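Undergrad: have a look at this prediction, sequence included:
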Amino acid sequence: QAFSCIDQNRDGIITKEDLKETYLQLGKTNVSDEELEEMLKEGKGPMNFTVFLTLFGEKLNGTDPEESILNAFKLFDPAGTGTVNKDEFKQLLLTQADKFSPAEVEQMFAVTPIDVSGNIDYKSLCYIITHGDEKE
């Protein structure tokens, strides 16, 4: 479905014009031709469905190792409880670095193990991030 959405002219190949039109539809008008060309170069040839799938798979496998993610969470858990407060964490996600949108936070919390006290079991969350949700 993603390939079909990007292949604007439905010719089976994603071109620079297809990418430009996709970005325009998403409201991003300042993407340079150089950026688009760099994206297409990752495919090392015409960006057909097979090449698209291969690149997509490579990007999905690029998740940080579970230990790196755990170490990041430990910064917010100086007592070493294995949990972080949901409300405090939500505030950080909405206001710091690569800010999440409220919808993205809610989407993440939908698969996040949260106890009755409102604490996130970040060890379980790290497992979900690196291995997927067992419900999927």
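TA: Yes, it's here.

Undergrad: quick one: least confident helix or strand in the protein?
TA: helix 49-60 (a mean of 76; mean pLDDT, DSSP states H and E).

Undergrad: buried residues, the very next helix or strand once past that helix. List them.
TA: Using DSSP states H and E, the next helix or strand after helix 49-60 towards the C-terminus is helix 66-74. Judged by neighbour count using 16 or more other CB atoms under 10 Å, the buried positions of helix 66-74 are 69-70, 73. To be clear about C-beta, it is placed using only N, CA and C from the backbone, and glycine gets the same treatment.

Undergrad: who touches helix 66-74?
TA: 80, 84, 122-123, 125-127, 129-130 (CB atoms under 8 Å, 6 or more residues apart in numbering).

Undergrad: of those, grab the buried ones for PyMOL.
TA: Buried residues among these (16+ other CB under 10 Å), as a PyMOL selection:
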select buried, resi 84+122+123+125+126+127+129
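
Undergrad: which of the contacts of helix 66-74 lies closest to Q25?
TA: Closest approach between the contacts of helix 66-74 and Q25, by CB to CB: I129, at 29.1 Å.

Undergrad: please name the nearest non-neighbouring residue to that closest one.
TA: Spatial nearest neighbour of I129, chain neighbours left out: I69 (5.9 Å); criterion: CB to CB, 6 or more residues apart in numbering.

Undergrad: per the record, what domains does this structure have?
TA: With domains defined by the TED database, the chain comprises 1-60, 66-131.

Undergrad: so how far is the first residue of the longest one from its last?
TA: What it means is domain 66-131. From its first residue to its last, domain 66-131 covers 9 Å (CA to CA, to the nearest Å).

Undergrad: can you confirm V84 is in a strand?
TA: Yes - under DSSP: H, G, I helix; E, B strand; the rest coil, V84 falls within a strand.

Undergrad: I figured it hits K90, correct?
TA: No - V84 is beyond contact range of K90, at 10.1 Å (criterion: CB atoms under 8 Å).
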